[in-house]
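> predicted model and sequence follow; I will ask about them next.
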Amino acid sequence: MVHFYVLLGFDGLNLLLPQHEIRVVEIIEDVELHVEPEEAAAGVMGWISQSDQQFPIFSLNADLGLYSHLPPNRKYCVLLETDEEAVLGITCDEVISLDDFKGDLRLQDIPPAMHLDFSPLSGLGIYEGRMICQTDASSLMGYLTAHAEEQIAQMEDSFDDAFIKNEEELPAIIDTPLDELEELLTD
């Protein structure tokens, strides 16, 4: 059985994904970099339009953490599509199409004892002397969704804390009789 893959390279990390999950590869100049604060908090660094739809773009670093900006060396945006037809974009420095017959591709599943619940990685391998990490679009989507939910929850907690702090200061103003407030305002 022939397996077709695409290798995405960025920050020294090489991610290997099934080729059928690649919807399209766009040049980085097609990415709209304006995002709302809550989108940025969720890890979205931009949007790309395709087929009258907009899709979120993420820039991962070598540790699979998220940049809040577009690194200057990124050249491509790869739109990935999950089996559930969800679409997300990943920025990268290089895109290489591979198959079992091109070069020496050796893959192994991550042993169960080494697999982390939150990791989108399913395997490790070597291709032409490069260490590669195998994943798929659904695993990346789950990973990024969990990250976004965590960031939004933290943002809501800090907003709630600030609101509670301000609310504690308000009763002195609210409990002030109206005639005293009018005097304060006219003085």
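All right, it came through fine. Residues are numbered from 1 along each chain as shown.
> contacts for stretch 89-102, please.
With contact meaning CB atoms under 8 Å, 6 or more residues apart in numbering, stretch 89-102 is reached by 2-11, 15-16, 19, 25-26, 28, 31, 45-46, 48, 55-60, 70-71, 73-80, 105, 127, 140. The C-beta positions use only the backbone N, C-alpha and C, and glycine is treated the same way.
> take these and keep only those in strands.
4-10, 15-16, 25-26, 46, 48, 55-60, 76-80, 105, 127 (DSSP state E).
> PyMOL command for the buried members of those residues?
Selection of the buried residues among those in PyMOL, burial being defined by 16 or more other CB atoms under 10 Å:
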select buried, resi 5+6+7+8+9+10+15+16+25+26+46+48+55+56+57+58+59+60+76+77+78+79+80+105+127
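> just the helices in the chain please.
37-41, 137-169, 171-174, 178-186 (DSSP state H).
> check those for me: which has the lowest mean pLDDT.
Mean pLDDT values for these show the minimum at helix 171-174, a mean of 50.
> does the residue nearest to residue 131 when sequence neighbours are not counted have beta-bridge partners, and which?
Excluding its sequence neighbours, the residue lying closest to residue 131 (CB to CB, 6 or more residues apart in numbering) is residue 14, at 6.7 Å. With DSSP bridges as the criterion, residue 14 is bridged to residue 9.
> for the residue nearest to residue 4 when sequence neighbours are not counted, give me the pLDDT.
Nearest non-adjacent residue to residue 4, counting by CB to CB, 6+ apart: residue 19, 3.9 Å away. In this model, residue 19 is scored at 94, pLDDT.
> bridging residues for the most centrally placed residue in the chain?
Nearest to the mean C-alpha position of the chain, by CA atoms, centre = their mean, lies residue 58 at 4.1 Å. Taking DSSP bridges as the rule, residue 58 bridges to residue 90.
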